[in-house]
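Asks: Provided below are the primary sequence and the corresponding predicted coordinates.
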Amino acid sequence: MAFRRERVVQTLCEAMAALSTGWDSLEQALQQRLAALIREHGPRIAQVDPPNVADAVDRLLRELWALRDRLPQPVVQALQAGLEPEGRPAGVPLPTQISDAERHQVLASLVRIVDFRVFSYPARLAAELSAYIAAHQDRLTDEERQRWLELDRRYQDGGDPTTYLEGVEALLGGIEAVRRRLERGKAWRPEVYRELVPPVKAVGPGGAEAPASEATAAELLRYANVHFPATVLLTQRSVPLIVHIAQQYHEAGARIEREWAALRLRVGDLALVLHAEGFEVVRGIGGQAVQGQPSVRRVRVEADRDCEPVIFFLDPQTPGRKRIGIDVYQFDRHIAMLAFETEVVDQEALSSLTNVSVEPVPIISPGEGALPPDLELRVSLGADRRTLYYTLHSPGSSDYNFQPVGVRELLTDPWAFLQPTLDRLSTLARCPAEARSPAETSRALQELADIGANLYQDLFPEALKREYRKLRDKYRGKSLLITSDEPWIPWEMVRPVESDENGNVLYDDPHLCEMFRVSRWLAGRGAPDQVRVRQGAWVAPPDNLQAARLEQEYFAQLHRQQWEITMVGPLSTVPEVEEQFQAGATELFHFACHGNFNTEDPDESKLRLGSDYLRPSQITGLKQAGLRRARPLVFLNACHSAERGFALTRIGGWAQRFLEAGASAFIGSLWEVNDRLAACFAQEFYNRLWGLAGHQPQPLGQAFYEARMAVKQLDPANPTWLAYVLYGDPLGRIQLG
């Protein structure tokens, strides 16, 4: 009997996986025998020199084979698969070199059954853990607190640090925050074994290690100065639009308030992308051109001087109010948008040419090296609020470089067009699975597919459809950021379906939110790639539905498990919520309540809190200032929370108000949602975002996608799983504590 040397790692890992599955069914004596074997051989596998790892693994396999008569059949089968075939010529087997990664794989498979690791530097870890638990005693039950205090007293009186750590693990190891700290302090062997991947060091000129201060680029304060006439003659040609990113604020430039004109950038390239409705971009000068894209110029941000001015020359095409926007990108991340309107007139003379006023927009700078989304669809809105201009950009590849992909004019009023659809989706969401017959479920599924297909036909221009055919396979499963001026379209539900002139189906894809890791952002300041959360609050009125109470229980449990976050709540009145807004310290707001959308004035759409209501129009003044300091993640798990429309001359509604007030991310629903499924969606999202309940921490877009798919699996015919929208960077991550 001999095990194949080239398969020893695979054989042992497969045997351990099978053993783990059937562990609870083994008799106690066999469990003890196997545990003793792992404790004996595990440290040897961790400690031997690389050439001898295969021998150490082989010895454990032989010990397991000797117990084959007592082992479950799947374990025996895994061992048999690794044996040398009968009849193979005998000979001395060549030694097998096992890589460091394979050694990790073996040790991890063993630890899943018996944790034979030791605490590395136990004295230091014990001191840190003692102080950490002492600072969070309020998270423990009374019994846990009393038992820990006794354990800690013995340790403080000169007790053994390892004994203290083992006692804490037995008592509080089920609490996620404690378990993670203990895990980080463990090693396969004492004070010797370390991660085998060396840390990355910054390298300076000549290959020398760079000082930390030079390795990290500092932020530079710059000002966006834009010049363009407020009125343009239709017969004018080559009207100059000047963009100058400079160290000084120019009073004579476009009227941007000084505080809003400030950009915090880093040394590196800056891309300026012009969207000029009703104009043809003839050419541009200054900076560097992008081949085939006259509306895109790149400039260089330097530490000691202004950026080179950029001038775009525009020819007006049609009269009327026109909207012009300048998107600013750095490190291929969209960080700002400057938008204004101008008037094109067909008069023969103009009394004066004046600068237009640029809408003040808060601007942020991305961290250098932060990954941009794989694909960005930019949707610019015309001055008539019905014409959509589409642009594709793929920061990580050369497929699309700010490429225009068509125009779509909505001929009917958007609300008249969409409101019946949203009402129908709300009606479908009210019907739980148990109340539907199989035939009704089938009809509901077909109706969801038809709504998505109609949106695709109505909203995607032919040029965008052509590009979708090219990108659908390459970008499937990747991140898609839809940066848009428009406030009403359910992009997530769009379902691409296409056939040729003979009726042959070219593709019948799922909804965009299934094809990609979709998120949105409203044009303006860029979406932050990091969202810090140290303190959170959940809002749930006492008369709320049972499913919302489940969310309340979840946050109470989160307070116990995730010690890096301090949770406050439940807040149940409008003054309590407004107080948290104004304080400027709460970085997570979760609302679980009823909401109604006001189509006449979206800023008066309201959330019911007891006998009172909270409205978007109340997010102003000191409350808005507090939110700007905190930059929170806001989750409105309420019916109609993400619907928005135009309030007076600007976009209104909850999403716009929170993002305008500096929110780092916003989540809401476009139509009514099923209460039970809504509670499930919230829990699945947070568990994945923070790495709880056995999940690894995920970026915003991935956590949102997996939560959506988990809810879909519960009831695919209920449109709740399609209702949710995420405003944020799809690759953005949460920083806890």
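Replies: Cool, got the structure. Just so you know, these numbers come straight off a predicted model, no measurement behind them.

Asks: wait, what's in contact with the residue lying closest to residue 417 once chain neighbours are set aside?
Replies: With sequence-adjacent residues excluded and distances taken as CB to CB, 6 or more residues apart in numbering, residue 417 is closest to residue 410, at 6.8 Å. (C-beta placed from N, C-alpha, C; glycine too.) Residue 410 makes contacts with 386, 387, 388, 417, as judged by CB atoms under 8 Å, 6 or more residues apart in numbering.

Asks: any idea how far residue 410 lies from residue 83?
Replies: Separation of residue 410 from residue 83 (CB to CB, to the nearest Å) stands at 69 Å.

Asks: and if you look at residue 585?
Replies: Residue 585 is 63 Å from residue 83, by CB to CB.

Asks: Could you list the domains of the chain?
Replies: Following automatic domain parsing, one finds the domains of the chain at 5-86+93-111, 118-187, 220-367, 530-736.

Asks: Single out the most deeply packed of those.
Replies: domain 530-736 (a mean of 21; mean count of other CB atoms under 10 Å).

Asks: gap between the two ends of that one?
Replies: 10 Å (CA to CA, to the nearest Å).

Asks: Which pLDDT does the model give residue 679?
Replies: Residue 679 is assigned a predicted lDDT (pLDDT) of 86.

Asks: Work out for me the element it sits within.
Replies: Assessed by DSSP states H and E, residue 679 sits inside helix 675-690.

Asks: which helices and strands does that helix pack with?
Replies: helix 546-561, helix 700-714, helix 720-723, strand 733-736 (3 or more CB pairs under 8 Å, 6 or more residues apart in numbering; DSSP states H and E).

Asks: do you know which of these lies nearest residue 49?
Replies: strand 733-736 (38.2 Å; CB to CB).

Asks: helices and strands around the closest one, which ones?
Replies: Against strand 733-736 (3+ CB pairs under 8 Å, 6+ apart) you get strand 530-533, helix 675-690.

Asks: low pLDDT regions in the stretch 1-150 of the chain?
Replies: By pLDDT under 70, the weakly predicted segments of the stretch 1-150 of the chain are 86-96.

Asks: show me where it has helices.
Replies: 8-21, 28-47, 53-66, 73-81, 100-111, 122-135, 142-156 (DSSP state H, counting those that start in this stretch).

Asks: So what does residue 71 have for phi and psi?
Replies: phi -90, psi 150 (degrees, to the nearest 10).

Asks: one step back: dump the helices and strands packed on helix 675-690 into JSON lines; add mean pLDDT and distance to residue 53 as well.
Replies: Shown next, in JSON lines, are the helices and strands packed on helix 675-690 (pLDDT from 0 to 100; distance: least, CB to CB, whole Å):
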{"stretch": "helix 546-561", "mean pLDDT": "74", "distance to residue 53": "37"}
{"stretch": "helix 700-714", "mean pLDDT": "94", "distance to residue 53": "35"}
{"stretch": "helix 720-723", "mean pLDDT": "92", "distance to residue 53": "47"}
{"stretch": "strand 733-736", "mean pLDDT": "84", "distance to residue 53": "35"}
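
Asks: nearest to residue 279, of the ones you listed?
Replies: Using CB to CB, the helices and strands packed on helix 675-690 put helix 700-714 closest to residue 279, at 34.1 Å.

Asks: Other residues contacting that closest one?
Replies: 373, 433, 479, 513-514, 517-519, 531, 665, 667, 677, 680-682, 684-685, 688-689, 698, 720-722, 724, 726, 728-734.

Asks: Can I get that helix in CSV, CA atoms only?
Replies: What follows is helix 700-714, C-alpha atoms only, in CSV (Å, rounded to 0.1, in the frame of the first residue of the first chain):
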residue,chain,number,x,y,z
LEU,A,700,-20.9,47.0,-1.9
GLY,A,701,-21.9,45.8,-5.3
GLN,A,702,-21.2,42.1,-4.6
ALA,A,703,-22.9,42.2,-1.2
PHE,A,704,-25.9,43.8,-2.8
TYR,A,705,-26.0,41.3,-5.7
GLU,A,706,-25.8,38.3,-3.4
ALA,A,707,-28.5,39.7,-1.1
ARG,A,708,-30.7,40.2,-4.2
MET,A,709,-30.1,36.7,-5.4
ALA,A,710,-30.8,35.2,-1.9
VAL,A,711,-34.2,37.0,-1.9
LYS,A,712,-35.0,35.9,-5.4
GLN,A,713,-34.4,32.3,-4.4
LEU,A,714,-37.1,32.6,-1.7
